[in-house]
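[1] Need a 3D model of the following:
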Amino acid sequence: MLHIVNKSPLERNTLDSCLAAAQPGAAVLLIEDGVYAATRGHAAEGKLRAALSHLEIYVLAPDLEARGMAQSLAEGVKPVDYTGFVELVAQHKSCQSWL
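    As a prediction, the model looks like this:
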């Protein structure tokens, strides 16, 4: 399953809910303000680092760049462009958007 999170973890608890529900082998894609969680020094960085042991974590690079955070990507998080976003959707049988 592909889990898509678009809210900042400082705004809502959707990332926490997503990480708790995601099964090993699933993928998480951070988009829009959700990309803040994938930056070094963010409060959620430790949660993502722990999740990397059993989940694939991706970030939409254009959203990261639009927020001026491209140089701060946390280790282990994989950036994807819009084509990569479409490929992730196509690779997974189902998608869950966390609003």
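
[2] following the longest helix along the chain, which helix or strand comes up?
    Across the chain, the longest stretch assigned as helix under DSSP state H is helix 82-91. Moving toward the C-terminus from helix 82-91, the next helix or strand (DSSP states H and E) is strand 95-98.

[3] For that next one, which helices and strands make contact with it?
    Applying 3 or more CB pairs under 8 Å, 6 or more residues apart in numbering; DSSP states H and E, one finds that strand 95-98 contacts strand 2-5, helix 14-21. Glycine gets a C-beta too; all of them are placed from N, C-alpha and C.

[4] For Val28, which of the ones you listed is the nearest?
    Judged by CB to CB, the one of the helices and strands packed on strand 95-98 that comes nearest to Val28 is strand 2-5, at 4.7 Å.

[5] which other residues reach the closest one?
    The contact list for strand 2-5 (CB atoms under 8 Å, 6 or more residues apart in numbering) reads 14-15, 18, 21-22, 26-31, 34, 37, 88-89, 91-92, 94-98.

[6] Quick one: buried ones out of those residues?
    Neighbour counting by 16 or more other CB atoms under 10 Å classes 14-15, 18, 22, 26-31, 34, 37, 88, 98 among the contacts of strand 2-5 as buried.

[7] Which two of these have the greatest separation?
    Largest separation among those by CB to CB: Thr14 and Leu88, giving 18.1 Å.

[8] And the average pLDDT for the longest helix of the chain is what?
    Across helix 82-91, pLDDT averages out at 98.

[9] What is the helix or strand of the chain with the lowest mean pLDDT packed up against?
    Every helix and strand in the chain was compared by mean pLDDT, DSSP states H and E; the lowest is helix 45-51, with a mean of 94. Here helix 45-51 touches helix 14-21, going by 3+ CB pairs under 8 Å, 6+ apart.
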